[in-house]
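Engineer: Sequence below, structure please.
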Amino acid sequence: MIQGPRSLRGTGESRIVSASVTAPQESPSDDQRAPGRVPARPLKMLWRGHRWSPPRALAALALLVGALAVPAVRYRLSEAWASALWGLALLGAFVGWGGLVNEWLRPGRRRGWGLDGAVGAAAYLWIGGALAIVHGISKPVVWIFVLLGLVALGLPSRSAGLAPVAVARRPRFGAGYAVVLGVLVVLALFRYAESVSNAGFNVWDDNMAYTQFATKLIETGSLYEPFSSRRMASLGGQTMLDAALLAGAPPVRLHVVDSGICMLLVLGLALGYGKSSSRRAAGLLAAVLFFAIPDPRHNIGSEMSGVLFFFALFRVLDDDRADAGRPDGQSAVQSWGQAIILGLLGAAVCTLRQSYLPSAGATVAVYFLLRLRSPAERPALLRQMARVGAATFVALLPWMLTSFANARTFLYPLMTGNTNPGWGLLGKVNGWEEDRWFLINTFYFEPVRTIVFFVLAGCLLRATRRTDAIRAQLFGALIGFALLVHSFQASIYYDSIERYYFAFLVAYVLAVTLFTTRGKLTRLGRALPAVLVVIALVLHIYESRENLLKTYTGWVTGAEQWRTTRNPDRGRAVDASRALYARVQNAVPRGARMVVMVDYPYLFDFRRNDILNFDQPGAVSPQPHVPYFKGPEALVPYFRQLGLRYLVFNIGNSSPEYNYSTWKNRLAENIAPGARGGMYKSIARFYLDIFDNFLALTESRKVLLHEGELWVLDLGTRR
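Structural biologist: Now for the predicted structure:
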């Protein structure tokens, strides 16, 4: 049986003896100490001020040295090893900055390096979003952020401005706890190494858009992509995280962000849930569950990063509830600091995917609505709601401004902006088809095979003040799931929809595991949800055993591949694809604007030319909008008035996206009116029209280069 760390005798969840937080100036005398208190003499007294944490200081020093060594390691030894070092340096910087922010805004509350890292990443997104408005993101800026964050990681921390705190002897661990913890650490290391060696990317989303967005951002500081539906479908938070990695690693290592850095921070959120035996044991169970959930990696878009911020929201809200009644008057319902942290985390998760917006908003809103039932707290809660709303708005404002500049929408899809309503992505079906679609997704038990048990456990929790945070997380996940399935009712790929709700669903099951298995389970109302969660965990592992074996084998194989990789930049030849795209770009004058529809746009040099990605024809375009179905000559004045004289595209059978036969077959599909599946039939009309018109322009406009399926046209010069 797993045992948490043994601590001093006591009752309840917290058994570490501490001084009263009600005495802000003086240490209590012996006769003022609580009955049964261990005398202070054998305890180490930590006084007001700052104190060093030797593990954090050593980690900061090691990561700082590692970060500074990245260029040399990449050039002389191994680019893969250098990328792993840079990813860990980013992780340390997030923890360092988040520690400063948490210490300043949430003194005296539960933290841990996982929560510090989540807050630090959210702060980075806010700063990055503000800099993106003025194209201020660059490699030097990211390096400065990382190096200063690592310095912050090693700084001494304050004792929360409270009275002297007496800390008991360091808790000892049971053998079972130590063994399981050791296994989890090994799995985490293997998984991180595999994220470095993973060079497999989605040939549609990643190669044609997401990698290019991050590359362009780190090279030019710009998020402007007015022809891209993929850019419009996200405020840009994941791109900003990816750009941070590209400051010290090549695009082939972008899996490190989501599958590596964010994975480690989620693990830290679970293991850092608390210091009592019950909380550590609960954190261990949540970590076991986390590594038993397969990652439905579809592309480098947000999955683990979403889990990170949703899970961090629960940690802060749960701690908010636990600390709201503190006798020192520092109640969370009177705290601007708590509101700013919630605003940063809520805004951060909203920047990653538009599909996260309903769940994140519902989680925080339901939490405060549940607490408003107390008349005594109502005035303070209303003020705190206003603070959280203001903080969230300020944190989201930079992203809303860049979104408006990009597609004339502050918050898609609430504002449609420059989108084409006839494109077909968010189509409508009849009522029967939508009900059937909802049932299909409801009974698709992925990524958690036993999700019903976890939902039932949350429903069985008593409606008390202590359960407000976890019940809000449950409502937020259910609302987010329902609205997401409704939005994609015209789709036919239910297994693809999973990636959009993965984040808030996994965050909920981790949160309910933490909450229900902590503390004493002496009453049926507390024991039954915990029993359901443990049963769900065991059954999920059993049902997923084959997939987990393949997953773990893949991690080990990937880690071995990373360990043996020797690919220094020194003496490396330029690969054929990059050389081809260099020839294509050299056909265009330096500094000229280009519109491109190609398979690998990230291979272009964005510092040489201003390049706009035309990745999904028909979805979105600047006003007065692309003139579809009006012939090739109508396109020329449209592009020219936007300053786009040069057109680069590839159309042919080798392209996974710009393939004439594929979209012709889509258009020929027999889809009944009101039935699902009409989305691609509608999209095909726009693709085929652009294919025909672009190829027709090769006959009327000057061809600067034609190599294979790639064309470069000068729209300003006739043949």
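Engineer: tell me the contacts of the most centrally placed residue in the chain?
Structural biologist: Closest residue to the average C-alpha location of the chain: Ser305 at 2.0 Å, with C-alpha atoms, centre = their mean. By C-beta atoms under 8 Å, 6 or more residues apart in numbering, Ser305 lies in contact with 121, 237-238, 241, 257-258, 262, 352, 503. Where you see a C-beta, it was placed from the backbone N, CA and C, and this is true even at glycine.
Engineer: Would you tell me which one of these comes nearest to Thr717?
Structural biologist: The closest of those to Thr717 turns out to be Gln238 (C-beta to C-beta; 39.4 Å).
Engineer: Once you drop chain neighbours, what's closest to the residue nearest to the centre of the chain?
Structural biologist: In space, Ser305 comes closest to Cys262 once its chain neighbours are excluded; the distance is 4.6 Å by C-beta to C-beta, 6 or more residues apart in numbering.
Engineer: Also Met415?
Structural biologist: Thr409 (4.1 Å).
Engineer: Mind telling me what element Ile341 is part of?
Structural biologist: In the assignment (DSSP states H and E), Ile341 maps to helix 336-352.
Engineer: average model confidence for that helix?
Structural biologist: Mean pLDDT, computed over helix 336-352, is 95.
Engineer: what angle sits between the helix or strand following it and helix 336-352?
Structural biologist: Scanning forward in sequence from helix 336-352 by DSSP H and E, the next helix or strand is helix 357-371. In terms of direction (axes from the mean of the first three to the mean of the last three C-alpha atoms, to 10 degrees), helix 357-371 departs from helix 336-352 by 150 degrees.
Engineer: Please name every helix or strand in contact with helix 357-371.
Structural biologist: Contacts defined by 3 or more C-beta pairs under 8 Å, 6 or more residues apart in numbering; DSSP states H and E place helix 357-371 against helix 304-323, helix 336-352, helix 378-407, helix 468-487, helix 494-517.
Engineer: so can I have a markdown table of these showing distance to Leu285?
Structural biologist: Formatted as a markdown table, the helices and strands packed on helix 357-371 follow (distance: least, C-beta to C-beta, whole Å):
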| stretch | distance to Leu285 |
| --- | --- |
| helix 304-323 | 14 |
| helix 336-352 | 24 |
| helix 378-407 | 30 |
| helix 468-487 | 15 |
| helix 494-517 | 5 |
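Engineer: of the ones you listed, which approaches Pro413 most closely?
Structural biologist: Each of the helices and strands packed on helix 357-371 has some distance to Pro413 by C-beta to C-beta; the shortest is helix 468-487, at 7.7 Å.
Engineer: which secondary structure elements does that closest one contact?
Structural biologist: With contacts defined as 3+ C-beta pairs under 8 Å, 6+ apart, the packing partners of helix 468-487 are helix 304-323, helix 357-371, helix 431-442, helix 451-459, helix 494-517.
Engineer: just those helices: most buried one?
Structural biologist: Most buried of the helices and strands packed on helix 468-487, by mean neighbour count (mean count of other C-beta atoms under 10 Å): helix 304-323, with a mean of 26.
Engineer: And the average pLDDT for that helix is what?
Structural biologist: For helix 304-323, the mean confidence score works out to 86.
Engineer: cool, and stretch 112-125?
Structural biologist: In this model, stretch 112-125 has a mean pLDDT of 96.
Engineer: so where is the stretch 51-200 of the chain shaky, pLDDT-wise?
Structural biologist: 158-173 (pLDDT under 70).
Engineer: Tally up the residues packed near the residue nearest to Ser305, please.
Structural biologist: 27 (other C-beta atoms under 10 Å).
Engineer: which residues does Val203 contact?
Structural biologist: Contact partners of Val203, counting by C-beta under 8 Å, 6+ apart, are 599, 656-657.
Engineer: hmm, try it at 7 Å
Structural biologist: Pro656 (C-beta atoms under 7 Å, 6 or more residues apart in numbering).
Engineer: Assign a three-state SS to it, would you?
Structural biologist: Of the three states, Val203 takes coil according to DSSP: H, G, I helix; E, B strand; the rest coil.
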